[in-house]
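[1] heads up, no residue letters with this:
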C-alpha cells in the first residue's frame, strides 16, 4: 500500500496554519503596551505616524490600531492586527493541500492517464476559483493614491452596457487578492533591474527618490518648458494681480519653492544638465519678474544656505519639503510681507519641535508601492498647535484661525502650502488657503480677498511655473484690466 507522507505533511501544515489564523483573526486580547511616550504628528499629506521623544522607534497606523484617540503626550497601548493577506495565504494553503491530498487518493484508486488529467485539471481550476472568494472590497488604494474601479452594471438604465467586459476586466484587475503584494514585487524587480521603467519615479543616490514627470526632468536639465511668450504672459498676469491688490489696499507676495532636484542635484542619477542653471525656467522667470514691482521670492538660495545643516530640507521619498524648509519659507514671508503688516517672525527655537522617522514613506512611495527601502532618516517637525489655534482642512481648502493673531491672509497655491500655513497661523488671525483653483483668480475668489483679507500670498513650486502663463482672466479681473488700460 502506498504511503502519502508528502501529502499528509502538506495537509498538516495547512491545517496548523488555519488553526493559528482562526485563533488570531480578532485583535490579541492583551494589548502590546509600548513603553514610551509618544504623540501623533498632524500631517496633511495623508501620512500620519507615531513619533517618540528620543526618535528611536516609530509605528505607523498601518501596523497598529490605537486603543483610543491620541491627544498630547501620553502613554498608549497598541494592539497588533493580523493582516488579511496572512489570513488569505493560510486558507489558500489549506485548501490547496486538501485538494492535492484528495486528488492523489482518487488517482491511486482509479488507474489511467485520463483520470490523472482530470484530477490535475480539477486542482488547477480549484486553485483558480479560490481567489474569487477573497476579492477586495476597497474603493481606494492607499498605496497607489487613486480610486479603484467600481463593479460595473450589466444593464445601464434601460440598455445593455456595451463596455461591461472591459469594465469588469478593470474591476477584477483592481480587486484580485494579493494585488498590493504582487504590485510590490513587480515594482521591486523593475526597480532593481532599471528604475527608468517607472514612468513616475526615478531613484537617486543615498536613498533619494525623485518625481520623473511634471517637468521635473526638464527643469533639472535646464531644458526650457516656458517660451519667451509664456514668460511674458505669466509676468503680465502677476503684474495685473499686483496692481489689483494695490488698488484694493492689499499686500501681494509671490513665493516660488524649488524642486527637490534643484536643492539636491548631486543625488540625481542618469540625468545630465543640458544648459547651465542660469538658463533654467525659474531663473529666466525670476529675471523677467525682477523688472516689475511684484514682490517675488525664489527660495532656492535660502534653502541652499541651510542645505548642509543637520536636517534634510526635503523628505527622501516625497516631492515636498520638510517642516524645517517650510519654516525658512515662513521666515522669508514674515521678513517681507510680515513687516509690511507689522507682524514679527517667531524664531524656530521658540516653537515646539520633535524628531521623527518617516516609516510611512511619502507621496513618491505611493507611486511605487512597496518598491522603496525603509527610510531611516531622522527628520525634524514642529508642533504649532495651541489652544488659541483652530484648523479645518481637506486636500483643496483649509481655514486656520488664531485668537491671539492679527491680520487676515488669503493663500492661493499648491500642496507646498500644507506645512507652510501652520507656521503662518502663529501670526495671522485668519488664514484661508485655496489649493483647488491653482493660481486662478475667479470672481468669487477676488470678492473673498477684497472683503476678507489684508494680503494675498501666491505659493508655487518650480515645476508648476508654466501654469502661470495659462491663466484665464475672469470678468472682475478683466474689468479691472480695462479700467487700467491693460490689454
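    Looks like it came in fine. This is a predicted model, so every value here is computed, not measured.
[2] quick one: low-confidence ranges for the stretch 1-150 of the chain?
    Counting by pLDDT under 70, the stretch 1-150 of the chain has low-confidence residues at 1-136, 139-147.
[3] same question, the stretch 251-400 of the chain
    Low-confidence segments of the stretch 251-400 of the chain (pLDDT under 70): 369-370.
[4] Which residue ranges of it form strands?
    Here the stretch 251-400 of the chain has its strands, by DSSP state E, counting those that start in this stretch, at 251-257, 296-298, 352-357, 378-383, 389-393, 397-402.
[5] could I get the ones you listed as CSV with mean neighbour count and distance to residue 236?
    (Glycine included, C-beta is placed from N, CA and C.) Converted to CSV, these look like this (neighbours: other C-beta atoms under 10 Å; distance: least, C-beta to C-beta, whole Å):
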stretch, mean neighbour count, distance to residue 236
strand 251-257, 23, 14
strand 296-298, 20, 14
strand 352-357, 17, 42
strand 378-383, 18, 38
strand 389-393, 14, 33
strand 397-402, 18, 28
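[6] what's the burial count for the nearest residue to residue 341 once chain neighbours are set aside?
    Of all residues not flanking residue 341 in the chain, residue 407 sits nearest, at 5.0 Å (C-beta to C-beta, 6 or more residues apart in numbering). For residue 407, the neighbour count with other C-beta atoms under 10 Å is 18.
[7] how about residue 407, what does it touch?
    For residue 407, the contact set (C-beta atoms under 8 Å, 6 or more residues apart in numbering) comprises 341, 343, 427, 428, 429, 454, 455.
[8] Dihedrals phi and psi, it?
    When read as degrees, to the nearest 10, the backbone of residue 407 gives phi 70, psi 160.
[9] now swap in the one 4 residues further on and tell me
    Dihedral angles of residue 411 (phi, psi; degrees, to the nearest 10) stand at phi -110, psi 130.
[10] Looks like it contacts residue 457 (just checking).
    Yes: applying C-beta atoms under 8 Å, one finds residue 411 in contact with residue 457, separated by 4.7 Å.
[11] And residue 389, how close does it get to residue 429?
    10 Å (C-beta to C-beta, to the nearest Å).
[12] Name the residues contacting each of the two.
    By the contact definition C-beta under 8 Å, 6+ apart, residue 389 and residue 429 are jointly contacted by 401, 402, 403.
[13] Please name the bridge partners of the second one.
    Partner residues in beta bridges with residue 402, using DSSP bridges, are residue 389.
[14] contacting residues for it?
    Contacts of residue 402 (C-beta under 8 Å, 6+ apart): 386, 388, 389, 425, 426, 427, 428, 429, 430.
[15] Pick out whichever of those residues sits closest to residue 170.
    Distances from residue 170 to the contacts of residue 402, taken as C-beta to C-beta, are shortest for residue 425 (42.5 Å).
[16] which residues touch the closest one?
    By C-beta under 8 Å, 6+ apart, the residues touching residue 425 are 384, 389, 391, 400, 401, 402, 405, 431.
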